[in-house]
Structures are given as C-alpha cells and as structure tokens.
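[1] What would the 3D arrangement of this be:
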Amino acid sequence: MLVAAAVCPAPPMLVPEIAAGAAAELADARTACSDALSVLAASRPDLLVVVGACDEEHSGSYPQGARGTFRGFGAGTDVRLGGGEEGPRLLPAPLAVGAWLLGRAGWGTAPLEGLGVAGPLDTVRCMAAGRELAARSSRVALLVMGDGSACRSLKAPGYLDDRAAAFDTEAARALGAADVAALAALDAGLAGELQAAGRAPWQVLAGAAEGAGLEGRLLYEDAPYGVGYFVAAWS
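    Sure, this is the predicted structure:
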C-alpha cells in the first residue's frame, strides 16, 4: 500500500556541478525537494521506488545499487541508487537525478528500486503499473521524478505554446491536492505535444495512490527555463 510520495522535477540542472554558475537559480527547488524527501523518510516505508520517464530502451526496473552518471552533461559526477551490487544498466537521467537527491539526503531507511516508465505509455498502463507497485509491500513510498510542459516561454525547449500554462496549472493543482482523478485525467496526447515528461510518472503515482487516502502539499512551483517544475509531498 502506498503510504507516502514525493514529486520532484528531473532536470540534471538540479545538480550544482552541472548548473555551475546558474546553481543558485534552482536553490529553492532543491530545498523543496529535501523537504519532500523528509516526508518520505517520516513514513518509514518498507520499499521506496524511484519512478521517472525514459525512452523504450531504458524502461523497466533498476535494482538497488544501479549506477547513474552525469558525465554526458559536462559534470564528472556519478551516483548510485543506494547500496548493493552495481547493476548492468545505467540509470536514465530522471532516475539518476532521483538517486542524487536521495544521496544528498543521506537516504538509508528502506530498500530502493528504480522504475523507468516509457514516456508515451498510455494512461491505462501507467495506472496499472502504479497499482502493481502499491501492492508490492504493506508500506510503499514513491519518489516521482518528472517535469511539466517544456513550452512556457519563447526560449523553452519546446518554444512557447499557449496551452502550456493551463496544463501546468492543472497539473500543479492536482499534485498539490493529491487529486488522483485529476492526474488520471491528464491528456496524454496534449502532454506529449507540450513535452511534459512528468505525465507518465504522475499517472503511475495516481494508480498507486488509489484508495490510499493521502493528502498532498505543493511545496514549489515555477518555470525558470520555460519548463514547469513542481515539488509536492503526499502522506
């Protein structure tokens, strides 16, 4: 059963070594992520799963000890998903950012796993994956890594799209309210057009949270690079 969740953005720029001179721009986001992770720790889960979007090739499970790297982003920083033997596959970037956040927080209170969710995965299968995660143990927690639309400004990765602000407003409201139905109702097609990589992980969360009766708090909302970043805590 799902007992807690933290929702965090997944840009490698969260890692100060990558952001370099711009590191201060996401300082508030890092602080909010730390606050959300403290909610996970307080829930005393038997299992923590880090969920993030990826391509088809990198979808699937990653065991505790899986390694990630940010060398492709210009920083000589490697991370591990907790302790244990190193797995054969590298973590996709969103899971690597999640592993970095956990390492920064000194996480060590529960077994860890990663789950890469293919970005185009439809809502029905995302929800089903979430239900399967929640059934894994009596006390499951999720760290859900994902961004909102990438079309909030002219300099955004997806350029400016007038639909982006409304999409992000509804996503932020749903995440902050732990509104499972609203997350499930996010339009996968529109999310794809707006390059909202968080849609699939958020809908995995929605499936996991069905019937759990969790309450949510929105801890951070901004779009500093034309991309919607949200931090929320559910417990």
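[2] what sits against Ile96?
    Slight slip there: residue 96 is Ala, not Ile. Pro12, Gly68, Thr69, Phe70, Val79, Leu90 (C-beta atoms under 8 Å, 6 or more residues apart in numbering). C-beta: built from backbone N, CA, C; applies to glycine.
[3] which one among those residues gets closest to Glu56?
    Using C-beta to C-beta, Leu90 comes nearest to Glu56 of the contacts of Ala96, at 15.6 Å.
[4] so the closest one is in which element?
    In this assignment (DSSP states H and E), Leu90 forms part of neither any helix nor any strand.
[5] Geometric centre of this protein: which residue is closest?
    Geometric centre of the chain, nearest residue: Met145, 0.9 Å, by C-alpha atoms, centre = their mean.
[6] Was I right to think that residue contacts Ala99?
    No: at 9.7 Å, Met145 does not count as touching Ala99 under the criterion of C-beta atoms under 8 Å.
[7] any residues in contact with both of the two?
    With C-beta under 8 Å, 6+ apart, Met145 and Ala99 have common neighbours Val50.
[8] measure the spatially closest residue to Pro16 that is not a sequence neighbour to Met13 for me?
    Leaving aside its sequence neighbours, Pro16 sits nearest to Ala23 (C-beta to C-beta, 6 or more residues apart in numbering; 4.1 Å). Distance of Ala23 to Met13, given as C-beta to C-beta, to the nearest Å: 8 Å.
[9] Just want to know which of these two has more residues nearby.
    It is Met13, of Ala23 and Met13, that has more neighbours when counted by other C-beta atoms under 10 Å, with 21 against 15.
[10] Need the nearest residue in space to that one, chain neighbours excluded.
    Ala19 (4.7 Å).
[11] Next, the buried residues of the one helix or strand in the chain whose mean pLDDT sits lowest.
    The weakest-scoring helix or strand in the chain, judged by mean pLDDT, DSSP states H and E, is helix 16-19 (a mean of 85). For helix 16-19, a neighbour-count test (16 or more other C-beta atoms under 10 Å) marks Pro16, Ile18, Ala19 as buried.
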